[in-house]
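Peer 1: Provided below for reference: sequence and predicted model.
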Amino acid sequence: MTTSAEAVPGIPRPSAQSAALMARARQRFPGGVNSPVRAFGGVGGEPFVVARGEGARIWDVDGNEYLDYVLSWGPLVLGHAPPIVLDALADVMQKGTSFGIPTGLELQLADAVAERMPHLEMLRFVSSGTEAAMSIARLARAHTGRQHLLKFEGCYHGHADSFLVKAGSGVATLGLPNSPGVPDELAKLTLTAPFNDLEATARLARSVPLAAILLEPVVGNGGFIPPQPGFIEGLRQIADETGALLVFDEVMTGFRIAYGGARERFGVTPDLTALGKVIGGGLPVAAYGGCRALMEQIAPVGSVYQAGTLSGNPLAMAGGLATLRALTPELHARIEERTARLVHGLRTMAARHGVPLVADHAGSMFGFFFRDAPVRNFDDAKQSDVALFRRFFHAARERGVYLAPSAFEAGFVSAAHGDAEIDATLDRLDDALGAALAEGART
Ligand code: HOZ
C-alpha cells in the first residue's frame, strides 16, 4: 500500500500490523500468500491482512474498514458472515465435520442446483474450480476419444496443466500466461482463440478434432468481458458441427449472471458445466455436471476416474445450501439492480473526470477498464490504462473501498450492499479517481 496517505477521518491508514504479518508470511509462503493474485503483484504495494468481515465490509488487522467488492473473489453473494449461513454451519458442525460417506446434504445441494440449472441432471461435488475443470477435461477426452481442447485467451479454468495456456486471473496479472512445469506435449493439446472471435474458433475447430471448447460465458478472469451477441450461440453450432463438447466454466458466473447461470441468460445449453464459488457460499465447494449419459461415464458407474476425501463435505454442503436457498430470484434481481447502479455511477464518475472508461455488469458481477474503445477480448483488455487502474485501486483502498487488486479480475456485489453502501462507494471512488489523476499528472 502507499504509505503516504494523509490522515482523513474514516479513511484507512497505512497498516502497521498488516505489514509486520506480511513480512513474516513471506518467510512461510511464496510471496506471503496462498494464491498468487492476493500478493498485489498487479497493483504493487503491500496487501493488508484481514481480521474479519460482516455484510458488505471487511476490517484489516489494523482496524481499517473497507467496503468489499472482491467478496472472497466471488463466493459471498450474501455478503460476509450472513447469519443464515453461520446458523446452518453451526447446526451441521455439531454432528461432525467430515465422514467420507454419503450424506443427505449432498443430495439437497444437488437438487437445489438442478432446480436452477436443469441441464445438470447429474453432478459430482469437488472442492475447487481447478478440480472441476480438470475433471471435465478428462471426461471430455474420454467421451470423445480426442485429445485437443480449445480455450479462449484470458479465460482461466484453474491451474491444471492443460489450462495454463494463455490463461487469465493471477497468471495474466503477473504477465505469465503459461507456466514452466507444464509439459510441452500437454500444452500443445490446448489451442486458444481470442474471445468473441467465432471465425478463429471455427477455423481451429475444423482443423483439429476437439474434445471440448471451454469458456467462461462472461469472462471474469481477464477483467470483465461479456460475450458479443451471437458468440455463445455460434460456439454451440461449431461444437455441434465438429463433435466437440461445449463446456461452460461457471465457477465465477454461476448464480451470479442470472439465477440459473449462463444457460438462462444466453439461452444456450452446454454439454458440461463447472461450478464453484457461490455454490459453496464461502466454503470450499465446486462441482461439475451435465446430462446423465455423460456423467455416468465417471467412476464408479463409468471408468473415468476422479475422487476426493473432502468432496461433498457436510459443512461445505451446508454453506452452499443455505446460500442458494436464500438467493431467491427476487433477491438476485435486487442485487443485480444495485450492481447496475454501481456501474452507471462509475460511468458517470469517469465522464465527469473526462476519463475514458468501459464499465459493464452481468447480474451481480461487474468490471471496468480505463479504455476509450470496446473491450471484446483479452488483447483489448491489455490495451487499457493499467497504470491509472493501479493508482485508482490504491486511492480507493485508502478511502475504504476494496476493489480486486488487478486490472484483470471482475468485481462482485452482494445482498449486503444496500443503496447506502453503493452511494458511499461512488462518493469515495469519485474522490479516488480525482486523486489518481492528480497523482498521474505529478509523475
Ligand atoms: N483465481 C481467483 C480469482 N480469479 C483468485 C483466487 C484467490 O486468490 O483467492
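Peer 2: The structure has been received and is ready for your questions. The model shown is predicted, which means the values in this text are computed figures rather than measured ones.

Peer 1: Check which element follows the lowest-mean-pLDDT helix or strand in the chain along the chain.
Peer 2: Lowest by mean pLDDT, DSSP states H and E among the helices and strands of the chain is helix 169-173, with a mean of 69. The helix or strand immediately downstream of helix 169-173 is helix 184-187, counting by DSSP states H and E.

Peer 1: got the residues of the stretch 1-150 of the chain near the ligand?
Peer 2: Counting by CB under 6 Å from any ligand atom, the stretch 1-150 of the chain comes close to the ligand at Ser35, Val37, Arg38, Trp73. C-beta: built from backbone N, CA, C; applies to glycine.

Peer 1: Buried ones among those?
Peer 2: Buried members of those, counted by 16 or more other CB atoms under 10 Å: Val37, Arg38, Trp73.

Peer 1: what ranges do the strands span in this protein?
Peer 2: 50-54, 57-60, 65-68, 122-126, 148-152, 190-193, 210-215, 245-250, 272-275, 286-290, 358-362, 365-369, 401-402, 411-412 (DSSP state E).

Peer 1: ok, which residues in the stretch 201-350 of the chain are in contact with the ligand?
Peer 2: Proximity of the stretch 201-350 of the chain to the ligand, by CB under 6 Å from any ligand atom, involves residues Asn221.

Peer 1: Any chance of TSV for the strands of the chain, columns mean neighbour count and mean pLDDT?
Peer 2: Output for the strands of the chain, formatted as TSV (neighbours: other CB atoms under 10 Å; pLDDT from 0 to 100):
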stretch	mean neighbour count	mean pLDDT
strand 50-54	15	97
strand 57-60	20	96
strand 65-68	22	97
strand 122-126	23	98
strand 148-152	25	96
strand 190-193	21	95
strand 210-215	26	98
strand 245-250	28	98
strand 272-275	29	98
strand 286-290	27	98
strand 358-362	22	98
strand 365-369	25	98
strand 401-402	24	98
strand 411-412	28	98
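
Peer 1: Tabulate those strands (a markdown table), appending distance to Gln237.
Peer 2: A markdown table is the format used below for these (distance: least, CB to CB, whole Å):
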| stretch | distance to Gln237 |
| --- | --- |
| strand 50-54 | 44 |
| strand 57-60 | 44 |
| strand 65-68 | 40 |
| strand 122-126 | 25 |
| strand 148-152 | 14 |
| strand 190-193 | 15 |
| strand 210-215 | 11 |
| strand 245-250 | 10 |
| strand 272-275 | 17 |
| strand 286-290 | 19 |
| strand 358-362 | 22 |
| strand 365-369 | 26 |
| strand 401-402 | 41 |
| strand 411-412 | 31 |
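
Peer 1: Nearest approach to Ala140 belongs to which of those?
Peer 2: Nearest of those to Ala140, taken as CB to CB: strand 210-215 at 3.9 Å.

Peer 1: Dump the C-alpha coordinates for that closest one into PDB.
Peer 2: Extracted in PDB, the C-alpha atoms of strand 210-215 (Å, rounded to 0.1, in the frame of the first residue of the first chain):
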ATOM      1  CA  LEU A 210     -11.500 -31.200 -30.400                       C
ATOM      2  CA  ALA A 211     -12.700 -32.900 -27.300                       C
ATOM      3  CA  ALA A 212     -14.100 -29.700 -25.900                       C
ATOM      4  CA  ILE A 213     -14.500 -26.000 -26.400                       C
ATOM      5  CA  LEU A 214     -14.400 -24.400 -22.900                       C
ATOM      6  CA  LEU A 215     -15.200 -20.800 -22.000                       C
END
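
Peer 1: can you list contacts of that strand?
Peer 2: Strand 210-215 is contacted from outside by 133, 136-137, 140-141, 143-144, 146-152, 155, 157, 191, 195, 201, 204-205, 232, 235, 238-239, 242-249, 271-272, using CB atoms under 8 Å, 6 or more residues apart in numbering.

Peer 1: what about 7 Å?
Peer 2: 137, 140-141, 144, 146-152, 155, 157, 205, 235, 238-239, 242, 244-249 (CB atoms under 7 Å, 6 or more residues apart in numbering).

Peer 1: The residue of the stretch 101-250 of the chain found nearest the ligand: how many residues sit nearby?
Peer 2: The ligand sits closest to Ser169 of the stretch 101-250 of the chain, with a gap of 3.9 Å, by CB to the nearest ligand atom. By the criterion of other CB atoms under 10 Å, Ser169 has 25 neighbours.

Peer 1: roughly how far apart are it and Asp197?
Peer 2: To Asp197, Ser169 is 20 Å away according to CB to CB, to the nearest Å.

Peer 1: I'd like to know how far the most centrally placed residue in the chain sits from Thr130.
Peer 2: The chain has Met252 as the residue nearest its centroid, 3.7 Å off, counting by CA atoms, centre = their mean. Met252 is 13 Å from Thr130, where distance means CB to CB.
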